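*Asks:* Build me a model from this:
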Amino acid sequence: MNRNVLIAAVVLLGVSLALLLRLPRASGDDRPQDLQPGQPVKLFSEEAKGFVTLPVVVKTPAEWKGLLTPLAYQVAREAGTERPFTGAYWDDHTPGLYRCSSCATDLFRSETKFDSGTGWPSFFRPIAAENVVERSDWAFGMRRTEVLCRRCGAHLGHVFDDGPPPTGLRYCMNSASLRLVPSEPR
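*Replies:* Numbering: from 1, shown residues only. Okay, the predicted model is just below:
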């Protein structure tokens with residue numbers, strides 16, 4: 001069996017279980033510890049071409065629901081997952097910058113995107129390690145590493161160690177948690 005087919009089958013099984021069980025993340029207090037109101041975070045900014053210090057973005061569930069689409073809210077704020085091969089960016093090859101759909105933090109560059117065969121946009125590295133938070137996720141009886149936006153705590157997806165060189169990592173993200181800002185033609 002082809003490796004990509006096997007990966008896609010395992011991912012589909014996990015997504016199917018997730019959709020069946022619908023186990024959303026508890027809102028509010030489940031943010032990473034470094035995302036507390038009033039605390040600034042140092043993030044890489046493509047626009048500033050370096051690091052900037054910004055306040056964390058903390059909103060109530062009602063405020064997030066007013067800003068995000070229902071799918072983006074379910075994925076980003078409740079740690080959901082969109083169905084494979086359905087998101088806006090899984091097969092998009094537009095050059096540009098991928099930002100958090102919740103707070104516009106710079107997350108990934110299109111130059112690091114690759115076709116993983118899983119049906120989700122995949123990248124071999126974030127724009128800067130400081131812009132994401134990784135934490136253990138033991139949902140569904142398996143250990144995975146969840147990836148969140150450092151500034152607002154939005155669930156982005158998971159990172160796996162089966163990606164291409166140079167990192168060997170696969171940041172498997174949800175399109176609903178991202179917003180592509182296309183590069184301007186030169």
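
*Asks:* pLDDT at residue 184, what is it?
*Replies:* At residue 184, the predicted lDDT confidence score is 80.

*Asks:* From residue 161, how far off is it?
*Replies:* Separation of residue 184 from residue 161 (Cβ to Cβ, to the nearest Å): 35 Å. The way it works is simple: take the backbone N, C-alpha and C, and place the C-beta from them, glycine included.

*Asks:* following the lowest-mean-pLDDT helix or strand in the chain, which helix or strand shows up next?
*Replies:* Ranking every helix and strand in the chain by mean pLDDT, DSSP states H and E puts helix 3-21 at the bottom, with a mean of 52. Remark: after helix 3-21, the chain's next helix or strand is strand 40-45, criterion DSSP states H and E.

*Asks:* What separation is there between the residue nearest the centre of the chain and residue 50?
*Replies:* Among the residues of the chain, the one closest to the centroid is residue 156, at 1.9 Å (Cα atoms, centre = their mean). Residue 156 sits 23 Å away from residue 50, taking Cβ to Cβ as the criterion.

*Asks:* Repeat that for residue 78.
*Replies:* 33 Å.

*Asks:* What about residue 162, how many residues nearby?
*Replies:* Using other Cβ atoms under 10 Å, residue 162 is surrounded by 12 other residues.

*Asks:* what about stretch 41-51, start to end distance?
*Replies:* From its first residue to its last, stretch 41-51 covers 10 Å (Cα to Cα, to the nearest Å).

*Asks:* Ok, stretch 142-151 next?
*Replies:* End-to-end distance for stretch 142-151: 27 Å, by Cα to Cα.

*Asks:* Show me where the protein dips below the pLDDT cut-off.
*Replies:* Applying pLDDT under 70 to the chain picks out residues 1, 3-38, 140, 186.

*Asks:* Please enumerate the helices of it.
*Replies:* 3-21, 61-67, 70-72 (DSSP state H).

*Asks:* Mind listing residues that contact the shortest one?
*Replies:* Going back to what we said before, that points to helix 70-72. Helix 70-72 has contacts (Cβ atoms under 8 Å, 6 or more residues apart in numbering) with 82, 101, 102, 176, 177.

*Asks:* Just the endpoints, please. Distance across stretch 93-108?
*Replies:* 13 Å.

*Asks:* Please compute how far it lies from its chain's middle.
*Replies:* Stretch 93-108 sits 10 Å away from the centroid of its parent chain (Cα atoms, centre = their mean, to the nearest Å).

*Asks:* With stretch 59-66 instead?
*Replies:* The answer for stretch 59-66 is 19 Å, by Cα atoms, centre = their mean.
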